[in-house]
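Trainee: Structure for this input, please:
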Amino acid sequence: MSTIPARLAAALLAGAVVFGLMGATGPVSGAATTPQITIDQGNDAATLDPGLQYDPNSYDVYRNIFDTFLARDPATGKIVGRIAKTWKSVTPTTWEFALQPGVRFQNGDPLTAADVKFSIERILSTNFRSPQYQNFSAIQSVRAATPTTVQIVTAQPYPALLAQLVNLSIVPQAYVTAKGNAEFNLHPVGSGPYVFVSWVKGDTVTLRANPSYWRGRPFFETVRFHAVPEAATRLADLAAGTSDLIVQLSPDNVAQVKGNPSLEVLSGPTERVAYLAFNALGGGPTAKHEVRQAIAYALNDREMITALLGGQARKLNGLLTPQHTGYDPALTGFAYDPSKAKALLAEAGYPSGVALAFTTSPQYDQRIVLAIHGQLARSGIQVKLQSYDFATYLRRVQSPQHDWGDIRYGQWSCACLDADGVIYPLFHTGSIWASYSNPAFDKLVDDARVTLDPAARTRLYAAAQQILQTDVPAVALWQVYALYGARHDLVWRPTPDEQMSLFDMRLGKSAPAPS
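Mentor: Modelled structure (predicted):
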């Protein structure tokens, strides 16, 4: 199924940089006793350091190298143990976690409470500048009470702590400290079901099964993630058997996949939100409230859902999905009204229209980007596209100078199913993702973070979302549906938090599930 030798040769001829041990284990293609899976992604991973990135291409790879502290049951969505076996609330601000016994990192080092402490404190270090900082910023301290017991203390009661710890990857303190962050990114070591083998930059990441994985040996012996930016090429790979699973299946290709008896479509609603964010702090036109409102009224999200997504999405009136704790179904959103958009532009001092810098990346469906471009033009909003590779795009967006442009299209998922993981990092003052600031909004989401009563939290988040609708630092477009194309005998079900768990995959509808 795999064409990695040809891909590797082409990459080497093109001067690609290869990291790791490619070829050290020999080819496994066609070996019945060593099944492999090849996955086509939209782009290369930006990083394999789990503390430094949150983009889907990186996430899908490193989630299989590292274990998370907690997890969600893929069938029920309930929080279950992973590295943390059991836990209890000692006080409203102190949680105690007992670790799974006998877990080792892939280099043989035992995983201890000190590694958990290090993994959290690393993300919280301001010098590290983790994109996940806001998700864990409620944590005040971490203590390794014993080698197998961790205590986490929050500054105040924090109801979303367990939901956020689902996203905490545990990294080995001794290895990271000895190698440094740069080397760790190129040769990651975790405790997960797959061991890093190699990374051909811009082309392929190769993993192999961890024979000593504490939950049991995974079904697939070898995994290859290929960077394939073109949707048509991903589809062709799948049809030819070159790949076994493709991500970001185009809605236009759903019928084609369904019509092939050797293939199938795997889909489902996710907690990912498609949105258009505005730079309210950069000093450009979108610093004006009326301009942001005008953009919201100039967008016809229903048209895009129908024409571009084939109905494979759900319109949202706010920046949360029904999967999130804190979702408010009463939000009204913005109706498509180009006349009102033009009137608001005139009110803002742009009676003849306005020009904006639209920052984007090939990571995103360019049909959507161009559709937004065209819809805004109908209301006199001209945009100049500024496209960057995804790693550069993220660095620009996270710039503390807020000099990335005026508008940007994005898709956000916290993988935590909680409002705290969405509207707090996107809009709270000082977040590296936020080009917006409102003290009233900050207070509401700060209060929601320390409120243990579910009904009271819901009310606080409803009020916070009303402020977002009034201020318009961003406009929600739709709830993203996960669309994958797969070989017909791949057994796996997509989850709302988009966990591509290779450990949960196997071939053969009657094959036994991983132990």
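Trainee: which strands and helices sit next to the longest helix seen in the chain?
Mentor: Taking DSSP state H as the criterion, the chain has its longest helix at helix 454-471. When contacts are defined as 3 or more C-beta pairs under 8 Å, 6 or more residues apart in numbering; DSSP states H and E, helix 454-471 packs onto helix 423-427, helix 439-449. (Each C-beta comes from the backbone N, C-alpha and C, glycine too.)
Trainee: which one of these is the most hemmed in?
Mentor: Ranked by mean neighbour count, those are led by helix 423-427 with a mean of 25 (mean count of other C-beta atoms under 10 Å).
Trainee: okay, and for the stretch 351-500 of the chain, where does confidence drop off?
Mentor: Low-confidence segments of the stretch 351-500 of the chain, defined by pLDDT under 70: none present.
Trainee: redo that, cut-off 90
Mentor: 362-365, 390-391, 394, 413-416, 495-499 (pLDDT under 90).
Trainee: pull the longest strand from the chain.
Mentor: Taking DSSP state E as the criterion, the chain has its longest strand at strand 263-278.
Trainee: neighbouring strands for it, and are they parallel or not?
Mentor: Strand 263-278 pairs in its sheet with strand 407-412 (antiparallel), strand 474-487 (antiparallel), by DSSP bridges.
Trainee: Just put these in a markdown table and tack on distance to residue 197 and mean neighbour count.
Mentor: Listed next are the strands paired with strand 263-278 as a markdown table, based on distance: least, C-beta to C-beta, whole Å; neighbours: other C-beta atoms under 10 Å:
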| stretch | distance to residue 197 | mean neighbour count |
| --- | --- | --- |
| strand 407-412 | 29 | 22 |
| strand 474-487 | 22 | 23 |
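Trainee: Need those in JSON lines (columns: distance to residue 90).
Mentor: Below are the strands paired with strand 263-278 laid out as JSON lines (distance: least, C-beta to C-beta, whole Å):
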{"stretch": "strand 407-412", "distance to residue 90": "33"}
{"stretch": "strand 474-487", "distance to residue 90": "37"}
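Trainee: For residue 248, find the nearest of the ones you listed.
Mentor: Closest of those to residue 248 is strand 474-487, at 7.1 Å (criterion: C-beta to C-beta).
Trainee: could you point out which element follows that closest one?
Mentor: Next along the chain after strand 474-487, taking DSSP states H and E as the criterion, comes strand 490-491.
Trainee: Within the sheet, what are the partner strands of that following strand, with directions?
Mentor: Short version: by DSSP bridges, strand 490-491 pairs with strand 506-507 (antiparallel).
Trainee: Might you calculate how far the strand it pairs with sits from the centre of the chain?
Mentor: 25 Å (C-alpha atoms, centre = their mean, to the nearest Å).
Trainee: repeat for stretch 162-169
Mentor: 13 Å.
Trainee: gap between the longest helix of the chain and the chain center?
Mentor: Chain-centre distance of helix 454-471: 24 Å, with C-alpha atoms, centre = their mean.
Trainee: and that helix, which residues are buried?
Mentor: By neighbour count, with 16 or more other C-beta atoms under 10 Å as the criterion, the buried positions of helix 454-471 are 457-469, 471.
Trainee: for the stretch 251-400 of the chain, what spans make up the helices?
Mentor: Ranges of helices within the stretch 251-400 of the chain are 254-258, 289-298, 301-307, 338-347, 366-378, 390-397, based on DSSP state H, counting those that start in this stretch.
Trainee: other SSEs contacting the fourth one?
Mentor: In other words, helix 338-347. helix 289-298.
Trainee: For the helix it packs on, output the C-alpha coordinates as CSV.
Mentor: Extracted C-alpha coordinates of helix 289-298, given in CSV (Å, rounded to 0.1, in the frame of the first residue of the first chain):
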residue,chain,number,x,y,z
HIS,A,289,-16.6,48.3,15.8
GLU,A,290,-18.8,49.2,12.8
VAL,A,291,-16.4,47.7,10.4
ARG,A,292,-16.4,44.4,12.3
GLN,A,293,-20.2,44.5,12.3
ALA,A,294,-20.3,45.2,8.6
ILE,A,295,-18.1,42.2,7.9
ALA,A,296,-20.5,40.0,9.9
TYR,A,297,-23.5,41.1,7.9
ALA,A,298,-21.6,40.7,4.6
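Trainee: what's the angle between it and helix 454-471?
Mentor: When axes from the mean of the first three to the mean of the last three C-alpha atoms, to 10 degrees is applied, the directions of helix 289-298 and helix 454-471 differ by 100 degrees.
Trainee: picking up where we left off before, which of the buried residues of helix 454-471 lies closest to residue 274?
Mentor: residue 468 (15.6 Å).
Trainee: any idea how far residue 319 is from the closest one?
Mentor: Relative to residue 319, residue 468 is positioned 6 Å away (C-beta to C-beta, to the nearest Å).
Trainee: Mutual contacts of these two, please.
Mentor: 423, 474 (C-beta atoms under 8 Å, 6 or more residues apart in numbering).
Trainee: quick one, phi/psi of the residue lying closest to residue 327 once chain neighbours are set aside?
Mentor: Among residues not flanking residue 327 along the chain, residue 320 sits closest, at 4.5 Å (C-beta to C-beta, 6 or more residues apart in numbering). Main-chain dihedrals, residue 320, degrees, to the nearest 10: phi -120, psi 160.
Trainee: Correct me if wrong: residue 320 contacts residue 421.
Mentor: No. Residue 320 lies out of contact with residue 421 (C-beta atoms under 8 Å); the separation is 10.0 Å.
Trainee: coming back round to it: what angle do helix 439-449 and the longest helix of the chain make with each other?
Mentor: 160 degrees.
Trainee: Which residues does helix 454-471 contact?
Mentor: 159, 280, 289, 292, 318-320, 325-326, 328, 330-333, 419, 423, 427, 436, 438, 440-441, 444-445, 447-448, 451, 474.
Trainee: make it 7 Å
Mentor: 159, 289, 318-319, 326, 328, 331, 419, 423, 427, 438, 440-441, 444-445, 447-448, 451 (C-beta atoms under 7 Å, 6 or more residues apart in numbering).
Trainee: Likewise for stretch 472-480?
Mentor: 269-270, 272-278, 280, 289, 292-293, 295-296, 299, 301, 305, 313-319, 321, 333-334, 411, 426-427, 436.
Trainee: Can you select the buried ones among these for me in ChimeraX?
Mentor: Restricted to buried positions by 16+ other C-beta under 10 Å, the ChimeraX selection for the contacts of stretch 472-480 reads:
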select :269,270,272,273,274,275,276,277,278,280,289,292,293,295,296,299,301,305,313,316,317,318,319,321,334,411,426,427,436
